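Colleague: any chance you can model this:
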Amino acid sequence: GVGLKFYDLLAGSSTLVPSKYMNILESLSRLPTMSKYSEDGRSLKGSILYYDGQFNDTRLNVTLATSAAAAGAAVSNYTDCVGLIKNEAGKVV
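Modeller: Residues are numbered from 1 along each chain as shown. Purely as a prediction, here's the structure:
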């Protein structure tokens, strides 16, 4: 929660909505399917409501892609995934 409040402070008035701590009752009223208990027996204490924005700025995307390519990155507009690399435990790496 402290990190998000610091982010709210840095964002100033440009933030969408400030983050908010919600107690267990508020959390369950917004997300009624959320479990009150984890598999290891810990109980829900609350949650944090946080809004994040998106941008739709083509010039920024093109600049980011060209900068990455200039630094040696492989850049692609559309890419098909044909497989995943997994470690010995079978987890995607």
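Colleague: list the buried residues of the helix or strand of the chain with the lowest mean pLDDT.
Modeller: Within the chain, no helix or strand scores below helix 2-11, which has a mean of 78 by mean pLDDT, DSSP states H and E. Buried residues in helix 2-11, counting neighbours by 16 or more other CB atoms under 10 Å, are absent. From N, CA and C alone the C-beta is placed, and that goes for glycine too.
Colleague: now it, how far from the chain's geometric center?
Modeller: Here the centre of helix 2-11 is set off from its chain's centre by 15 Å, with CA atoms, centre = their mean, to the nearest Å.
Colleague: can I get that helix as PDB, trimmed to CA atoms?
Modeller: The C-alpha trace of helix 2-11 is given here as PDB (Å, rounded to 0.1, in the frame of the first residue of the first chain):
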ATOM      1  CA  VAL A   2       2.800   2.500   0.800                       C
ATOM      2  CA  GLY A   3       4.300   2.100  -2.600                       C
ATOM      3  CA  LEU A   4       1.000   2.800  -4.300                       C
ATOM      4  CA  LYS A   5       0.400   5.900  -2.200                       C
ATOM      5  CA  PHE A   6       3.900   7.100  -3.100                       C
ATOM      6  CA  TYR A   7       3.000   6.500  -6.800                       C
ATOM      7  CA  ASP A   8      -0.300   8.500  -6.200                       C
ATOM      8  CA  LEU A   9       1.800  11.300  -4.700                       C
ATOM      9  CA  LEU A  10       4.200  11.300  -7.700                       C
ATOM     10  CA  ALA A  11       1.400  11.200 -10.200                       C
END
